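Trainee: Could you work out the structure for the sequence below:
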Amino acid sequence: QLQFVESGGASVQPGESLRLSCIAPGHNLDYYPVGWFRQAPGKAHEGVACMTTRDSSTHYTPPVKGRFTISRDSAKNTVYLQMNNLKVEDTGVYYCAGVCGATVPASLVTSWGQGTQVTVFA
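Mentor: Below is the predicted model:
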């Protein structure tokens with residue numbers, strides 16, 4: 001079963017940057033679409049960004065477009081989420097999963113990992 005492990009979360013101030021990492025032990029992520037999702041306190045999961053297989057295309061949701069970048073390092077079998085110019089509203093637990101679509105649909109994710117906490121505080 002494909003299981004994802006996220007890392008890289010931290011507490012930062014607005015305007016700062018973070019890079020999150022996503023791995024799937026025992027699986028080659030080149031063969032899977034990978035999406036990043038987040039859940040703010042008291043809110044439902046929402047899509048952030050995703051990448052289809054072999055870097056064929058990427059999708060971003062409006063709140064993060066232009067600030068976040070999803071990328072894949074095949075040599076390290078890792079998918080990254082580079083987050084620049086972070087805002088307070090980016091606070092939440094970030095997850096990765098094997099789902100990608102034009103709207104980065106969180107509703108298609110059937111299982112969530114432990115996630116990694118990102119806190120942006122003023």
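Trainee: Return the residues in contact with the residue nearest the centre of the chain.
Mentor: In the chain, the centroid-proximal residue (C-alpha atoms, centre = their mean) is W36; its distance is 2.4 Å. Taking C-beta atoms under 8 Å, 6 or more residues apart in numbering, we find W36 in contact with 20, 22, 47-50, 68, 70, 79, 81, 94-96, 104. Any C-beta I mention is one placed from the backbone N, CA and C, and that applies to glycine too.
Trainee: May I see those residues organised as a markdown table, with neighbour count, pLDDT and distance to A122 added?
Mentor: A markdown table is the format used below for the contacts of W36 (neighbours: other C-beta atoms under 10 Å; pLDDT from 0 to 100; distance: C-beta to C-beta, whole Å):
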| residue | neighbour count | pLDDT | distance to A122 |
| --- | --- | --- | --- |
| L20 | 25 | 98 | 21 |
| C22 | 26 | 98 | 28 |
| G47 | 26 | 97 | 25 |
| V48 | 27 | 98 | 21 |
| A49 | 26 | 98 | 24 |
| C50 | 28 | 97 | 29 |
| F68 | 22 | 98 | 20 |
| I70 | 25 | 97 | 26 |
| V79 | 28 | 96 | 29 |
| L81 | 28 | 98 | 22 |
| Y94 | 23 | 98 | 20 |
| Y95 | 24 | 98 | 25 |
| C96 | 31 | 98 | 27 |
| V104 | 22 | 95 | 27 |
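Trainee: Make TSV out of those and add secondary structure and distance to Y31.
Mentor: What follows is these, written out as TSV (DSSP: H, G, I helix; E, B strand; the rest coil; distance: C-beta to C-beta, whole Å):
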residue	secondary structure	distance to Y31
L20	strand	21
C22	strand	14
G47	strand	21
V48	strand	22
A49	strand	19
C50	strand	15
F68	strand	23
I70	strand	16
V79	strand	12
L81	strand	19
Y94	strand	23
Y95	strand	20
C96	strand	15
V104	coil	19
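Trainee: Lovely, talk soon.
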